[in-house]
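1. Just need the structure, nothing else, for what follows:
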Amino acid sequence: MTTRRFTEPFPPNPDEPSAENRPAVKRPQPIQPKAAPPAAPPPTAAAAPAAPTPERSSASGPRGNAHLPRTLTQVLNEADDRVTRGDLVDYVPLPTGFDPLDGFIGGGLRKTELVLLGGAQGIGKTIATLQVARNIAMRPDQYVFYLSYEHTETHLMHRLLCMESINPPEIDLSRGLKLRDLYQIIVAQRAKEFMGREGGAGSLQAILRDNPKTAPGLGRILRYADRMILVKASPAVTTLRSIKEMTARLCDATGGNVAVFIDYLQKIAVHPERPRDENDKVTIIVEGLKDIAMSLDVPVWAIVAADREGLKSKRIHLFHLRGSSALDYESDIALIMNNKYQIMSKDHAAFNPYTAKQFRDWVVWTIEKNRAGRAMQDMEFQLHGQHFAFDPRGQKVQQTLIDDKIIET
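-> Numbers count the residues shown, from 1 in each chain. Just a heads-up that it's a prediction; the model follows:
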């Protein structure tokens, strides 16, 4: 599959400053497809990629009229037409690949839903988000749009190479690759070529392909590389409107089969609005992300940072996330991550401080809001931080956990 370049201009927005007074927004550059056979004509910038079957309309389809009044009969007829064509994406969720998370949230991510993931710094929010995005991009008919305000596209690629080295869900640690190992392999091979020694590979792909430690991971990445679009977003210019524009173009180019991931929510630029404080800014952002999910008919997954009080608490909850109550009201699913060792109840009779140390590498995911099912469900996943991966084969937490709302004095 190929992805169409985003070259068509958008109509000007009267609410935004003129082009000469506004910094240019960094546009995503899709990964170039492999060269076509000689018999096939080369793709052009205007050529649309092969859309999944059946072809699904996105922004120009029924969701394009999401803000216009329609009778229930019209809604029913449109839904009937989609089902008749075999278009069942509204009824089939996108599995995250994490069990039992998918079972608790109705099978996976659904279009029009906003999912928030919160927790302390270093707990594994970006690792989990990138791994979920990778799992979805591995589906041959699904694209992923990943915007990172924290890391460059190259760094995310390096993380994916380390993750693929242990191949979740198999988790083969004997073949695991650390970021330091990856850098050493690249530098050593380039040094060989510079010194004129035999075996010195030239390009990055050649180095990764020829090394037995990196070749398996590169091969796995190439399976979905054309369907994962990465953007190094800027907290100064990557606004809600630019995110919506880029997502709309991807929907048009892919038949609407796009999942959006944002790392992280509080860094999204707000313009031309002038929020009074951070609570007002977060309200604008979370309402805008929910509008993107609803109007473009895509799932949106966003990381949310915890506030200062939350970082001091024994266990982070949804109300500890930085921003307003809109985070609670607008989200469809809210996941909170805590280190298991830190939140195990020390007052429980079964608590053993010696055996409890084994849980330092386990992270508890708590579903604190769930419109598709039961909330306040605790599950645990083992984190392999040096390989930037979780073991997606988790389980429900069996031990007693602390809850600040109950035991705090």
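2. Correct me if wrong: Pro93 contacts Gly107.
-> Yes - the pair formed by Pro93 and Gly107 meets the contact definition of Cβ atoms under 8 Å, at 4.0 Å. Glycine gets a C-beta too; all of them are placed from N, C-alpha and C.
3. Report all helices and strands that the longest helix along the chain contacts.
-> In terms of residue count, the longest helix belonging to the chain (DSSP state H) is helix 278-296. Contacts defined by 3 or more Cβ pairs under 8 Å, 6 or more residues apart in numbering; DSSP states H and E place helix 278-296 against strand 114-119, helix 240-254, strand 258-263, strand 300-305, helix 326-330.
4. which strands and helices sit next to the first one?
-> Same thing as strand 114-119. When contacts are defined as 3+ Cβ pairs under 8 Å, 6+ apart, strand 114-119 sits against helix 125-137, helix 278-296, strand 300-305, strand 333-339.
5. Figure out which of the helices and strands packed on helix 278-296 is closest to Gln386.
-> Taking Cβ to Cβ as the criterion, strand 114-119 is the member of the helices and strands packed on helix 278-296 that comes nearest to Gln386, at 18.9 Å.
6. Based on its surroundings, how many neighbours for Gly107?
-> As a burial measure, the neighbour count of Gly107 was computed by other Cβ atoms under 10 Å and equals 16.
7. Do I have it right that it meets Gly97?
-> No - between Gly107 and Gly97 no contact is recorded; they are 11.8 Å apart, counting by Cβ under 8 Å.
8. quick one: contacts for the most centrally placed residue in the chain?
-> Geometric centre of the chain, nearest residue: Phe261, 3.3 Å, by Cα atoms, centre = their mean. The contact partners of Phe261, taken as Cβ atoms under 8 Å, 6 or more residues apart in numbering, are Thr129, Leu130, Val132, Ala133, Val144, Phe145, Tyr146, Leu147, Val300, Trp301, Ala302.
9. wait, what's in contact with the fourth one?
-> By Cβ under 8 Å, 6+ apart, the contact list for Ala133 reads Val144, Tyr146, Met228, Ala259, Phe261, Trp301.
10. how about stretch 286-305: buried residues?
-> 286, 288-305 (16 or more other Cβ atoms under 10 Å).
11. what mean pLDDT would you report for that stretch?
-> Regarding stretch 286-305, the rounded mean pLDDT is 96.
12. begin at 43 from here
-> Sure thing, new numbering starts at 43, so read that last one as stretch 328-347.
13. quick one: it to chain centroid distance?
-> The offset between the C-alpha centroid of stretch 328-347 and the centroid of the whole chain comes to 12 Å, using Cα atoms, centre = their mean, to the nearest Å.
14. Which element, helix or strand, includes the closest residue to Arg402 other than its chain neighbours?
-> The spatial neighbour of Arg402 that comes closest, neighbours along the chain excluded (Cβ to Cβ, 6 or more residues apart in numbering), is Tyr383 at 4.6 Å. Taking DSSP states H and E as the criterion, Tyr383 maps to helix 382-385.
15. Need the contact partners of that helix.
-> When contacts are taken as Cβ under 8 Å, 6+ apart, the neighbours of helix 382-385 outside the stretch itself are 356-357, 398-399, 401-402, 404-406, 422, 439, 441, 443-444.
16. Pull out the buried members of the residues you listed.
-> Among the contacts of helix 382-385, those that count as buried by neighbour count (16+ other Cβ under 10 Å) are Arg357, Phe401, Trp404, Val405, Val406, Glu422, Val439, Gln441, Leu443, Ile444.
17. ok, and what's touching stretch 158-171?
-> Outside stretch 158-171, the residues that reach it (Cβ under 8 Å, 6+ apart) are 140, 190, 192-193, 201, 205, 303, 305-307, 343-348, 352-353, 358, 360, 362-363, 369, 373, 375-381, 405, 425, 427, 430-432.
18. re earlier: distance of the residue nearest to the centre of the chain from Leu198?
-> The gap separating Phe303 from Leu198 is 11 Å, by Cβ to Cβ, to the nearest Å.
19. Same question for Ser367.
-> Note on Ser367: its distance to Leu198, by Cβ to Cβ, is 32 Å.
20. The two: which is more packed in?
-> Between Ser367 and Leu198, counted using other Cβ under 10 Å, the more crowded position is Leu198 (22 against 13).
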